[in-house]
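**Student:** need coordinates for the below:
(one chain, ligands or ions: 1)
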Amino acid sequence: MGLAAVFGYVLVRSVKLEIQRKEELQRITEQLAIANDNLRKLDNAKSEFISIASHQLRTPLTAIKGFISLLLEGSYGKVNKDHRQVLNKVFLSNERLINLVEDLLNLSRIESGRMQYEFEKVSLENSCKEIYDTFTMRAKEKKLKLKLTLPEEKLPLADIDKKKIREVISNVIDNAIKYTDKGEVEISPYQRESFVGVKVRDTGIGIPQEEMSFLFQKFSRGKDVARLNAGGMGLGLHVGRSMMEDMGGRIWVESPGADQGSTFFIEMPVERKK
Ligand code: ADP
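**Tutor:** From the prediction side, this is the model:
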C-alpha cells in the first residue's frame, strides 16, 4: 500500500515536472520566434536602405558619365590635351563609383531573392574583346601590359546572361589591374570539355592560401590590399560567385601565394541544365 502511494507520488511529480518543462520550452520558442521576426524586419530594413540609397546614387552618377562623355567628344568645344587627361581621370573615378553602387544593388537583389537572369547564347570571345577595350586605358595608366589571348578554334556559345557575365568578367579584370603593380594581365577565353570559360592571370600581389575561400565572402578583403592603397568594398567576388552559381557556372582562384600573381577562372556550361 505504502509502496503504491510512493509510486503514485513520484509519478504525479514527474508528470508535473514534464508539464512545467514543456511550458518553459514553449515560452522560449515563442520568445525566439519574436526575436527572429524582429531580426528579419531589421534585415529587410537594411536591405531596403541599401537598395534605396544605391538607386538614388546611380541616377546622378549616370548623368555625370553622360556629360563627361559629351565633353570628351568635343560637344562643348575643343578639349585640349591637359583637360582631356583630367577628364579621363574623372571619367574613370566615376566608373568606379558606378561599379561600387552596382555591387551594392546586386547585393540587395541577391539577399532579397530578386536577382533575375535572362539567358541567351553568348560568344565569350566577343564579350572579352569588348571588355578588353574598356580596360586598355586603365592598364596603360598603370603601365601594365594587358593581353587578350584568343583560342585557335572558335569557342561554342555559352548559355548565360550576357550583362551579368560581363559584370563578373569585368570585376575580375578590374581586380587584376588593381592588385598588380608591375607586369601583365592576360585574359584568355577557353574551352574545357563541355564548359567554356575565361581565365584572367596577373602578376600581382597574389593570394595567400589561408585567404582563398574567405575572399568570396561578402565585405571581405585580403590583408595585403592596404599596402597597395587600392579602394574597394570586398563585394565583387561575393556577388560574382553568387551570380555564377545561380547561372549554373562557377568562379574560383588559384595562386601560388603572396606576391606570386593570381589566376581567376570563370567557367560555365555550354548547355545549361534546365
Ligand atoms: P574588392 O576588390 O572591392 O576588395 P572583391 O570582392 O572584388 O572586392 O575582392 C575581394 C578581395 O580579393 C580583394 O580585396 C583582394 O584582397 C582579393 N583579390 C581579388 N582579386 C585579386 C587579385 N587579382 N590579386 C590579388 N588579390 C585579389
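**Student:** got a pLDDT number for Thr134?
**Tutor:** Per-residue confidence (pLDDT) for Thr134: 91.
**Student:** tell me which element the nearest residue to it once chain neighbours are set aside falls in.
**Tutor:** Leaving aside its sequence neighbours, Thr134 sits nearest to Ser170 (CB to CB, 6 or more residues apart in numbering; 7.4 Å). (Glycine included, C-beta is placed from N, CA and C.) Per DSSP states H and E: Ser170 is located in helix 162-178.
**Student:** any part of that helix near the ligand?
**Tutor:** Yes: against the ligand, helix 162-178 shows contacts by CB under 6 Å from any ligand atom at 171, 175-176.
**Student:** what would the residues you listed look like in TSV with distance to Leu72?
**Tutor:** Shown next, in TSV, are those (distance: CB to CB, whole Å):
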residue	distance to Leu72
Asn171	24
Asn175	26
Ala176	26
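**Student:** the stretch 101-250 of the chain: strands as residue ranges?
**Tutor:** Using DSSP state E, counting those that start in this stretch, the strands of the stretch 101-250 of the chain run over residues 119-122, 145-148, 158-161, 184-192, 195-202, 250-254.
**Student:** orientation of the longest one relative to strand 195-202 in degrees?
**Tutor:** If you take axes from the mean of the first three to the mean of the last three CA atoms, to 10 degrees, strand 184-192 sits at 160 degrees to strand 195-202.
**Student:** start the count at 30 instead of 1 going forward.
**Tutor:** Got it, first residue is 30 now, which makes that one strand 213-221.
**Student:** could you check the angle strand 213-221 makes with helix 191-207?
**Tutor:** 140 degrees.
**Student:** what packs against strand 213-221?
**Tutor:** helix 153-170, strand 174-177, helix 191-207, strand 224-231 (3 or more CB pairs under 8 Å, 6 or more residues apart in numbering; DSSP states H and E).
**Student:** thinking again about what came up before, surely the residue nearest to Thr163 meets Asp162?
**Tutor:** No: the criterion here is CB atoms under 8 Å, and Ser199 misses it with Asp162 at 11.5 Å.
**Student:** of those two, who's got more company?
**Tutor:** A direct count of neighbours by other CB atoms under 10 Å for Ser199 and Asp162 places Ser199 higher, at 18 against 10.
**Student:** and the more buried one, what pLDDT?
**Tutor:** pLDDT, Ser199: 95.
**Student:** and if you look at Lys302?
**Tutor:** As predicted, Lys302 sits at a pLDDT of 69.
**Student:** same check on Ala34?
**Tutor:** Looking at Ala34, its pLDDT is 85.
**Student:** do the same with Glu213
**Tutor:** We note a pLDDT of 98 for Glu213 in this prediction.
**Student:** what's around Ser223, how many residues?
**Tutor:** By other CB under 10 Å, 9 other residues sit near Ser223.
**Student:** for the closest residue to it other than its chain neighbours, phi and psi?
**Tutor:** Of all residues not flanking Ser223 in the chain, Val299 sits nearest, at 5.4 Å (CB to CB, 6+ apart). When read as degrees, to the nearest 10, the backbone of Val299 gives phi -70, psi -40.
**Student:** so Val299 touches Phe224, yeah?
**Tutor:** Yes: using CB under 8 Å, Val299 is in contact with Phe224, at 6.8 Å.
**Student:** is the ligand contacted by stretch 295-303?
**Tutor:** No: under the criterion of CB under 6 Å from any ligand atom, the ligand is not reached by stretch 295-303; the shortest gap measures 12.3 Å.
**Student:** hmm, who's touching that stretch?
**Tutor:** Contacts to stretch 295-303, defined as CB atoms under 8 Å, 6 or more residues apart in numbering, come from residues 148, 185-189, 194, 197-198, 201, 221, 223-227, 229, 269, 273, 276-280.
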